[in-house]
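Q: coords please:
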Amino acid sequence: ESDLATGRRGKRAAYVEQCLAELCGAEAAMVTNNCAAALVLILRHLTAVKKEVIISRGELVQIGGGFRIPEVLETSDAVLREIGTTNRTTLNDYAKAIGKNTGLLLKVHRSNFFMGGFVASPDRRELSSLARKKRIPFVEDLGSGVLTDTETWAAGHHETTPREVIKSGAALVCFSGDKLLGGPQAGIIAGKAKHIAALKKHPFFRALRCDKLILTALQHAAEIYLRGEGDTLPLNQSLQADPKQLKRRATKLAKALAKLPVTVAVAEGESQVGGGALPQANLPSITLDLVPEKLSLKDFATRLRRATSPVIGVISGQRFRLDLRTIFPEQEKRLLRSITESLS
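A: Okay, the predicted model is just below:
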């Protein structure tokens, strides 16, 4: 790790941190090994003296792998101060809960589910204003994180960006480096320089640092976004794929399979974004539907998973279905070989 300007030992993540800060519109940024780790680090630091974390009951969510936000927060030795109800929390609920032992206000983005009907929660700008007035930090955990506008490809659904959170006045925001960002698994923290500097000095950060391979991959993704080429990342190519182009590709694949012992059809379908994001958005897609003549669908699926180039699809409506959004053009030859191999 060498600093090219001074010739002395450099800081491993300095460049990628600068890139991420620029993308988020933040004073500074840092990287941990995942978003849960980022949140625990934040809480360990900000609740070192004042233990209480104020959070809405409507945001005590369960994330991937069965982990629950309350359990994650409690590992930091913080004390949860739950306010409001499942469906409604007001700014006054936050204001009344603030006391001499309040360490921070925490907002957790409901990224993998949504609530409708008789619901209410304060805007993050209101929370930022209240936090500044009371001289306590306001922190938001965005979960999946996204750096570009989603409305154009997600049927008008908007996913909050880290830049929007920082612009609202939050002291810190944390989010994932994979998922909707499209990089490697990592936890990114962005915000006020004084908080980032303190987090980097925290002894617990040593256990959460990323290695050089992760930082290099994250740097590559960040540079692509900074060049305005985020659409070229594989994730975004899948999310933004044109159904008309997908149909042309599926039709071509169907023709290539015509002489094999399998019934092939091209059909319309829907894709879910996944990655704990945009739960209301169903993306129109095209599927390649296969029904083998001499194999059960279960055996066919098993053979495809065990093929030289493994293929994973879904059994639905008495058909084995492949979503063309999940298959890149350069993978089509290998797909055809795997299907041929599995039918032999």
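Q: OK, contacts around residue 23?
A: Neighbour list for residue 23: 147, 162-163, 222, 225-226 [criterion: Cβ atoms under 8 Å, 6 or more residues apart in numbering]. Placement of C-beta: from N, CA and C, glycine included.
Q: which among those residues gets closest to residue 137?
A: residue 162 (16.0 Å; Cβ to Cβ).
Q: count the residues that sit near that closest one.
A: Using other Cβ atoms under 10 Å, residue 162 has 27 neighbouring residues.
Q: repeat for the one 10 residues further on
A: For residue 172, the number of neighbouring residues by other Cβ under 10 Å comes to 29.
Q: partners of it in the sheet?
A: Taking DSSP bridges as the rule, residue 172 bridges to residue 139, residue 191.
Q: how's this protein carved up into domains?
A: Residue ranges for the domains of the chain, per automatic domain parsing: 14-235, 241-343.
Q: reformat these as a markdown table; add distance to residue 3 and mean pLDDT.
A: Below are the domains of the chain laid out as a markdown table (distance: least, Cβ to Cβ, whole Å; pLDDT from 0 to 100):
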| stretch | distance to residue 3 | mean pLDDT |
| --- | --- | --- |
| domain 14-235 | 8 | 94 |
| domain 241-343 | 35 | 95 |
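Q: if you count neighbours, what's buried in stretch 198-212?
A: The neighbour-count check on stretch 198-212 (16 or more other Cβ atoms under 10 Å) flags 199-200, 205, 208-210 as buried.
Q: tell me the gap between it and the middle of its chain.
A: 21 Å (Cα atoms, centre = their mean, to the nearest Å).
Q: contacts for that stretch next, please.
A: With Cβ under 8 Å, 6+ apart as the criterion, stretch 198-212 contacts 12-13, 30-33, 37-38, 40-42, 44-45, 186-187, 189, 218.
Q: same question for stretch 289-303.
A: 257, 261-267, 313, 315, 318-322, 339, 341-343.
Q: what about 7 Å?
A: Applying Cβ atoms under 7 Å, 6 or more residues apart in numbering, the set of residues contacting stretch 289-303 from outside is 261-265, 267, 313, 315, 319-321, 342-343.
Q: one more: stretch 278-287?
A: Here stretch 278-287 has contacts from 112-114, 150, 154-155, 157, 159, 243, 246-247, 250, 266-273, 321-325, using Cβ under 7 Å, 6+ apart.
Q: buried subset of the contacts of residue 23?
A: 147, 162-163, 222, 225.
Q: let's verify residue 174: helix, strand, or coil?
A: strand (DSSP: H, G, I helix; E, B strand; the rest coil).
Q: how far away is it from residue 16?
A: 16 Å (Cβ to Cβ, to the nearest Å).
Q: buried residues in the helix or strand hosting residue 219?
A: Taking DSSP states H and E as the definition, residue 219 sits inside helix 212-226. Of all the residues in helix 212-226, those buried under the rule 16+ other Cβ under 10 Å are 214-215, 217-219, 221-222, 224-225.
Q: ok, the most centrally placed residue in the chain - contacts?
A: Central residue of the chain (Cα atoms, centre = their mean): residue 144, 2.2 Å from the mean position. By Cβ under 7 Å, 6+ apart, residue 144 lies in contact with 111, 175-176, 179-180, 275-277.
Q: follow-up on the earlier one: what's the most buried one of the domains of the chain?
A: By mean neighbour count, with neighbours taken as mean count of other Cβ atoms under 10 Å, domain 14-235 ranks first of those at a mean of 18.
Q: how about the strands in this protein?
A: Along the chain, counting by DSSP state E, strands occupy 28-32, 52-56, 79-83, 102-108, 138-143, 172-176, 187-191, 262-272, 282-292, 314-316, 319-323.
Q: for the fourth one, name the packing helices and strands.
A: By that I understand strand 102-108. Contact partners of strand 102-108 among helices and strands, from 3 or more Cβ pairs under 7 Å, 6 or more residues apart in numbering; DSSP states H and E: strand 52-56, helix 124-134, strand 138-143.
Q: of the ones you listed, which approaches residue 5 most closely?
A: Nearest to residue 5, of all the helices and strands packed on strand 102-108, is strand 138-143, at 33.2 Å by Cβ to Cβ.
Q: would you mind pulling the contact partners of that closest one?
A: By Cβ under 7 Å, 6+ apart, the surrounding residues in contact with strand 138-143 are 35, 39, 42, 104-109, 111, 124, 127-128, 131, 160, 162, 165, 169-176, 276.
Q: 6 Å instead, please
A: Applying Cβ atoms under 6 Å, 6 or more residues apart in numbering, the external contacts of strand 138-143 come out as 39, 42, 104-109, 111, 127-128, 131, 165, 170-175, 276.
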